[in-house]
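J.: What shape does this take:
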Amino acid sequence: MNCDEELKKIKDEVVALKTSPLYAERMKNKYFPVIGEGNHFAEVMFIGEAPGENEAKTGRPFCGRAGKVLDLLLANVGIERKNVYVTNIVKDRPPGNRDPYPDEIEIYAPFLDRQIKIIKPKVVATLGRFSMQYVMNRYGLEGELSSISALHGKVFSAKDFKVLPLYHPAAAIYNQHLLNTLKEDFKILKTII
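T.: Purely as a prediction, here's the structure:
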């Protein structure tokens, strides 16, 4: 099975995932699961936490206000969005845009692990604390784990890729100071790919 077929299989499985506590929410609101999009051979994979409302309405990751910030940050360092892969740990929108619960992360994380294995990025850039905690715990960096304010912009080496924890782009919408921090952190990304 090739890369495209394997990623399509993940999509089909998530679409049919009735055991998820978020499945009923998806059906009630006529939302789409948000699997991921971008280059299937990307050197950089961005992993957010869970889709927001715009994402759930379209099935596309980071297409709302946070997506505009992500696009700005990528453009700032000369990386085209079409050349990266963007996804979330949780593939369905939690109600009210709340943080994902541990059981939801547990249900969806195996799909993320498969995406990482298929795409084989050189760099996994985590967006926000939930994806940072999951990726670092899952890929042997639990001993390095601390708060996102302590780890953002630092590069860690997992077995098969580097991990770069970043603040979630949505944080820059509410705190302009974080936009400058994110711009600086994205410059680091450019040096490790």
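J.: all helices of the chain, in order?
T.: Using DSSP state H, the helices of the chain run over 3-15, 23-29, 53-58, 65-76, 102-119, 129-138, 148-151, 169-174, 176-192.
J.: Could I get the average pLDDT for the last one?
T.: What it means is helix 176-192. On average, the pLDDT along helix 176-192 is 94.
J.: can you check stretch 153-162 too?
T.: 97.
J.: Tell me the buried residues in it?
T.: 153, 156, 161-162 (16 or more other C-beta atoms under 10 Å). All C-beta atoms are positioned from the backbone trio N, CA, C, and that covers glycine.
J.: Could you find which two of those are furthest from each other?
T.: Greatest spatial distance among the buried residues of stretch 153-162 (C-beta to C-beta): 153 and 161, at 16.9 Å.
J.: Residue 101 and residue 166, how far apart?
T.: Per C-beta to C-beta, to the nearest Å, residue 101 is found 23 Å from residue 166.
J.: Neighbour count: these two, which is higher?
T.: Neighbour count, other C-beta atoms under 10 Å: between residue 101 and residue 166, residue 166 has more, with 27 against 14.
J.: give the contact list for the more buried one.
T.: By C-beta atoms under 8 Å, 6 or more residues apart in numbering, residue 166 lies in contact with 125-128, 152-153, 182, 185-186, 189.
J.: Check those against residue 141 and report the nearest one.
T.: Using C-beta to C-beta, those come closest to residue 141 at residue 126, 10.7 Å.
J.: For the closest one, which non-adjacent residue is spatially closest?
T.: Closest residue to residue 126 apart from its sequence neighbours, by C-beta to C-beta, 6 or more residues apart in numbering: residue 132 at 4.2 Å.
J.: Could you find the closest non-adjacent residue to residue 168?
T.: With sequence-adjacent residues excluded and distances taken as C-beta to C-beta, 6+ apart, residue 168 is closest to residue 128, at 3.5 Å.
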